[in-house]
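Q: Give me a model of this one.
(one chain, ligands or ions: 1)
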Amino acid sequence: MGFEDSLPDSLPDFPPDCLATLTINLGTLIRNYKSCIQLAGDTECAGVVKADAYGMGITHVAPALFHKANCRIFFVANLAEAIKLRRILPDTVIYVLNGVFSGHEGYFIKNNLRPVLNDLTQTALWQAVSPENRPACAIHFDTGINRLGLSPKETTQFINDVSARKGLDISLIMSHLACSDDPDNPMNAQQLADFKAITRNFPDIPASLANSGGILLGPDYYFDLVRPGILMYGGNPSKGAMPKNIKVPFQILGKILQIRTVDAGQSVGYGATWTAKQSRHIATINIGYGDGYPQMFNNCGWVCIKGVKVPVVGRVSMDMITVDVTDLYPQKIDPECDVELLGPHITLEMASEVSTLSQYEILTGVRERYQRIYI
Ligand SMILES: *Cc1c(COP(=O)(O)O)cnc(C)c1O
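A: Numbers count the residues shown, from 1 in each chain. Alright, predicted model coming up:
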């Protein structure tokens with residue numbers, strides 16, 4: 001008997017306000033998805049929901065995209081994510097970016113999942129599966145990122161040797177951009193040219209190149225399907241300005257546990273890394289690295305209280321941060337105030353800039369400890 005079996009059946013009863021909250025506005029997320037379609041000139045638009053929909057919760061995000069926005073093609077990273085998504089959405093196309101591995105074929109068939117085949121071993125493995133009930137597949141050609149996909153040599157072989165693709169039902173050919181965040185990087189044009197040359201060998205098969213950053217590079221990059229992730233979730237994939245129709249769909253709110261006064265010369269937090277130059281008022285907030293608020297924000301993060309940005313002082317602890325609320329004290333702050341750590345006021349862009357972490361990493365770092373509220 002596992003220890004889980006000895007746990008009581010009923011959920012523990014606790015007041016929800018003892019936890020920090022993560023509110024996810026699915027309406028805003030859906031509007032972002034629709035804005036992606038608009039940005040991509042009405043090209044068909046897949047939903048990328050890997051890593052639990054970038055931490056926002058695949059069980060809520062995927063059905064919203066399917067039912068409220070007609071999204072019919074989803075991408076996940078691995079087979080486990082795909083099988084979970086299949087249980088949520090029985091009737092949609094699901095691509096598995098990591099591809100198929102020996103012994104896993106039956107799971108793809110049983111769950112009607114499409115592998116993204118990344119090398120000639122995977123194409124051969126899929127060819128060997130009986131075509132009866134075998135789902136279609138995508139072929140990923142590597143045009144320079146050197147991460148996944150058929151190498152240039154394998155690509156030539158796949159194109160020239162008919163037996164290498166005999167019998168495969170290919171529903172998509174794709175590639176992935178290495179530098180789509182930087183419109184000035186010459187690698188974008190090079191990957192575009194290489195991918196275009198590949199697509200000429202598959203005139204009847206839909207093609208896809210653009211992630212969020214690729215969408216912002218313009219119409220040459222759209223092909224037949226775009227694959228936005230971070231734009232849907234309110235991040236800016238580009239060094240350029242954020243498209244104005246993209247809004248932040250989530251908000252992380254902490255609570256004030258204490259407000260204290262520190263005198264000049266006193267320090268705050270582990271390691272005593274911050275010292276008050278004059279007397280300061282410090283609020284302790286109930287979110288720390290155990291919630292996914294990383295120590296990269298030590299002495300450089302910002303939070304927002306009643307519309308005012310205040311700085312994180314000292315180190316981020318496991319369950320707490322400390323912020324300098326002197327400018328708000330005492331009239332404009334009380335223990336009931338909500339404290340935004342990430343959301344419409346403290347955007348992913350801003351948090352990324354001060355911490356040097358990528359927006360993707362900050363977002364997917366969000367943990368389970370929050371009370372989640374979907375609206
Ligand atoms: C993650 C991923 C995407 C989505 O990328 P964003 O930059 O979040 O838009 C698209 N395509 C592939 C192959 C990916 O791995």
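Q: measure W274 to V48 for me?
A: From W274 across to V48, the span is 39 Å (CB to CB, to the nearest Å). Where you see a C-beta, it was placed from the backbone N, CA and C, and this is true even at glycine.
Q: With neighbour numbers in mind, choose between those two.
A: Each of W274 and V48 has its neighbours counted (other CB atoms under 10 Å); V48 has more, 24 against 21.
Q: hang on, isn't that one packed against S208?
A: No. Using CB atoms under 8 Å, V48 is not in contact with S208, being 11.2 Å away.
Q: Now for the two: what residues contact both?
A: Jointly contacting V48 and S208 under the rule CB atoms under 8 Å, 6 or more residues apart in numbering are R227.
Q: what are the bridge partners for I373, then?
A: T23 (DSSP bridges).
Q: Quick one: neighbours of it, just the number.
A: When neighbours are counted by other CB under 10 Å, I373 comes out with 14.
Q: Return the helix or strand that contains A64 as CSV; C-alpha atoms alone will do.
A: If you go by DSSP states H and E, A64 is part of helix 58-69. Provided in CSV are the C-alpha atoms of helix 58-69 (Å, rounded to 0.1, in the frame of the first residue of the first chain):
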residue,chain,number,x,y,z
ILE,A,58,-3.3,23.1,-19.9
THR,A,59,-6.5,21.8,-18.5
HIS,A,60,-8.0,25.3,-18.7
VAL,A,61,-6.1,26.9,-21.5
ALA,A,62,-6.5,24.2,-24.1
PRO,A,63,-10.3,23.8,-23.9
ALA,A,64,-10.6,27.6,-23.9
LEU,A,65,-8.6,27.8,-27.2
PHE,A,66,-10.6,24.9,-28.7
HIS,A,67,-14.1,25.9,-27.7
LYS,A,68,-13.9,29.7,-27.6
ALA,A,69,-11.5,30.4,-30.4
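Q: which strands and helices sit next to it?
A: helix 26-39, strand 47-48, helix 50-54, strand 73-76, helix 79-88 (3 or more CB pairs under 8 Å, 6 or more residues apart in numbering; DSSP states H and E).
Q: out of these, nearest to the ligand?
A: strand 47-48 (4.1 Å; CB to the nearest ligand atom).
Q: That closest one pairs with which strands?
A: Strand 47-48 has these strand partners (DSSP bridges): strand 73-76 (parallel).
Q: can you list contacts of the strand it pairs with?
A: Contacts for strand 73-76 (CB under 8 Å, 6+ apart): 44, 46-50, 58, 62, 65, 82, 85, 89, 92-97, 116, 225, 227.
Q: Which single residue of this protein approaches the ligand most closely?
A: G229 (2.6 Å).
Q: Excluding chain neighbours, what is closest to that residue?
A: Counting by CB to CB, 6 or more residues apart in numbering, G229 lies nearest to V48, which is 3.6 Å off, once chain neighbours are set aside.
Q: try F202
A: I173 (5.4 Å).
Q: isn't L113 right next to A82, touching?
A: Yes. The criterion here is CB under 8 Å, and L113 meets it with A82 at 4.8 Å.
Q: So which residues on the stretch 101-250 of the chain come close to the ligand?
A: H176, N211, S212, G213, R227, P228, G229, I230, P237 (CB under 6 Å from any ligand atom).
Q: Let's have these in TSV, adding secondary structure, neighbour count and pLDDT.
A: Putting these into TSV (DSSP: H, G, I helix; E, B strand; the rest coil; neighbours: other CB atoms under 10 Å; pLDDT from 0 to 100) gives the following:
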residue	secondary structure	neighbour count	pLDDT
H176	coil	24	98
N211	coil	22	98
S212	helix	25	98
G213	helix	24	97
R227	coil	23	98
P228	coil	27	98
G229	coil	23	98
I230	coil	23	98
P237	coil	22	94
